[in-house]
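Student: Turn this into a model:
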Amino acid sequence: MPGLAANIGNAVRYSLTYVTLPLVGVFSLQTESYSWVALVRVGQQKRNRELMSGRRVLITGGAGFLGCNLADHFIETSHDVVIFDNFYRRGVHHNVEWLRERHGDRFTLIEGDLRDYQALLRAADAAEAVYHVAGQTAVTASVANPREDFEINALGTFNALEAARHAADNPVFIFTSTNKVYGGMEDVAIVEEATRYAYVDHLWGIDESRPLDFHSPYGCSKGAADQYVRDYARIYGLPTVVFRMSSIYGPHQFGVEDQAWVAYFVIAAVKGWPITIYGDGKQVRDVLYVDDLVRAFELATEHIDVSAGQVYNIGGGPRNTLSIWVEFAPLLSQILGRPLKAASYSDWRPGDQRVYISDIRKAWRDFGWEPQAGVDEGLRRIAPWVLENQALFEP
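Tutor: Sure, this is the predicted structure:
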């Protein structure tokens, strides 16, 4: 990645310098130096990739947005993929059809529910990696039905952990948590600018040392799962990894108003649906294109000797941020080549963070991961998919 400069917070500027080497980059900064880590990794990464080849991989929620993108990648790279999904979410059948068109019968499909431990135990048999990406994903749904949210996210994750623990091969276990475990972060100083809110002090974003503060039933259920996954590495020696994720987007994401906002706004703009902004539209998020997240799974697995038992903030980082409407709407209008309908505004949602940006440097240090797709590039990838599949989004 070439040198760059970006505005962060109150017009703060920073720069990164990379020197390209095979497979990795060398990261130099006045306060930190990772060059020696990168140099050591070159040979080790190749060996780890060779060891990982042909693994049996269980993906819970494998018919969903992230799950089907993970499945597509790992089938393509000659892994034995098992998809476990209850087909509850909208669009998942289309995702499975897409996988069948691309890969035929080269994967196993199991219809099952996270709350059914015996079904998970059977699915995890002989798994060498478990990617637990299934779950209830909407804060609003958790408020409406907290028991179901708990059973899916907390109990479901416990069941997945137990299934992995009793599998014969002590599989790698990667769990997709959320930045919502950090709560509203009301103590973090922010400044309001013309088009966005910005951190006053957090140049690189929020790192993993941030105290946990669960808000909403969703935050509690995901937070409980997050901590269980961490503890299974300490207590049982299961090689677990937690990804606390920011806003992920990409093809095969059937976004709705209260979840997956990037995809939803693209879909709504294409379809001409009314859009409601909760708050003032200056809320800032770091956004990550799904292919980069898939690569994070692969790299964390290849480097499980380092990543086991660790928590990582995974998102676009400070280079890939935008405010959810004031900055996003003009960019989307430019990409679609036409003006968007004016949005309506409503009250702020409880616990909504004015700014959330992931500090992703730990993932770089431990397994050499960083996003590759910028915001503009990522949106130019998802927009054609939405335009070509408009019939899938009928209300």
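
Student: tell me which residues in the lengthiest helix in the chain are buried?
Tutor: In the chain, with assignment by DSSP state H, the single longest helix is helix 216-236. Buried residues in helix 216-236, counted by 16 or more other Cβ atoms under 10 Å: 216-230, 232-233. For every residue, glycine as well, the C-beta is placed using N, CA and C.

Student: Check which helices and strands that helix sits against.
Tutor: Using 3 or more Cβ pairs under 8 Å, 6 or more residues apart in numbering; DSSP states H and E as the contact test, the elements touching helix 216-236 are helix 139-144, helix 146-150, helix 156-165, strand 172-178, strand 240-245.

Student: by contact count, what packs against the longest one?
Tutor: If contacts are counted by 3+ Cβ pairs under 8 Å, 6+ apart, helix 156-165 sits against helix 117-123, strand 129-132, strand 172-178, helix 216-236.

Student: helices or strands up against the shortest one?
Tutor: Read it as strand 129-132. Using 3+ Cβ pairs under 8 Å, 6+ apart: strand 129-132 touches strand 56-60, helix 156-165, strand 172-178.

Student: Alpha carbons of the shortest one, as PDB, please.
Tutor: By that I understand strand 56-60. Taking C-alpha atoms only, strand 56-60 is exported to PDB below (Å, rounded to 0.1, in the frame of the first residue of the first chain):
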ATOM      1  CA  ARG A  56     -13.000 -29.600   6.800                       C
ATOM      2  CA  VAL A  57     -14.600 -26.300   7.600                       C
ATOM      3  CA  LEU A  58     -18.000 -25.900   9.400                       C
ATOM      4  CA  ILE A  59     -19.700 -22.600   8.800                       C
ATOM      5  CA  THR A  60     -22.700 -21.800  11.000                       C
END
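
Student: residue ranges with poor pLDDT in the stretch 51-200 of the chain?
Tutor: 51-53 (pLDDT under 70).

Student: Now do the strands in the stretch 251-395 of the chain.
Tutor: 276-278, 284-289, 310-314, 321-323, 344-346, 355-356 (DSSP state E, counting those that start in this stretch).

Student: Could you dump those strands into TSV with mean pLDDT and distance to residue 125 added?
Tutor: Converted to TSV, the strands of the stretch 251-395 of the chain look like this (pLDDT from 0 to 100; distance: least, Cβ to Cβ, whole Å):
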stretch	mean pLDDT	distance to residue 125
strand 276-278	95	44
strand 284-289	98	32
strand 310-314	98	27
strand 321-323	98	42
strand 344-346	96	48
strand 355-356	96	38
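
Student: Adding mean neighbour count, write these out as JSON lines.
Tutor: Formatted as JSON lines, the strands of the stretch 251-395 of the chain follow (neighbours: other Cβ atoms under 10 Å):
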{"stretch": "strand 276-278", "mean neighbour count": "15"}
{"stretch": "strand 284-289", "mean neighbour count": "25"}
{"stretch": "strand 310-314", "mean neighbour count": "25"}
{"stretch": "strand 321-323", "mean neighbour count": "24"}
{"stretch": "strand 344-346", "mean neighbour count": "11"}
{"stretch": "strand 355-356", "mean neighbour count": "24"}
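
Student: Out of these, flag the one nearest residue 366.
Tutor: Ranking the strands of the stretch 251-395 of the chain by proximity to residue 366 (Cβ to Cβ) places strand 310-314 first, at 6.6 Å.

Student: ok, the residue lying closest to residue 140 once chain neighbours are set aside - contacts?
Tutor: Once flanking residues are discounted, residue 140 sits nearest to residue 258: 4.3 Å by Cβ to Cβ, 6 or more residues apart in numbering. For residue 258, the contact set (Cβ atoms under 8 Å, 6 or more residues apart in numbering) comprises 138, 139, 140, 141.

Student: Looks like the first one contacts residue 218 (just checking).
Tutor: Translated: residue 138. Yes: counting by Cβ atoms under 8 Å, residue 138 touches residue 218, with 7.0 Å between them.

Student: Just say helix, strand or coil for residue 63.
Tutor: The three-state label for residue 63, taken from DSSP: H, G, I helix; E, B strand; the rest coil, comes out as coil.

Student: coming back round to it: which stretch among the helices and strands packed on helix 216-236 comes nearest residue 61?
Tutor: The nearest among these, by Cβ to Cβ, is strand 172-178 at 8.7 Å.
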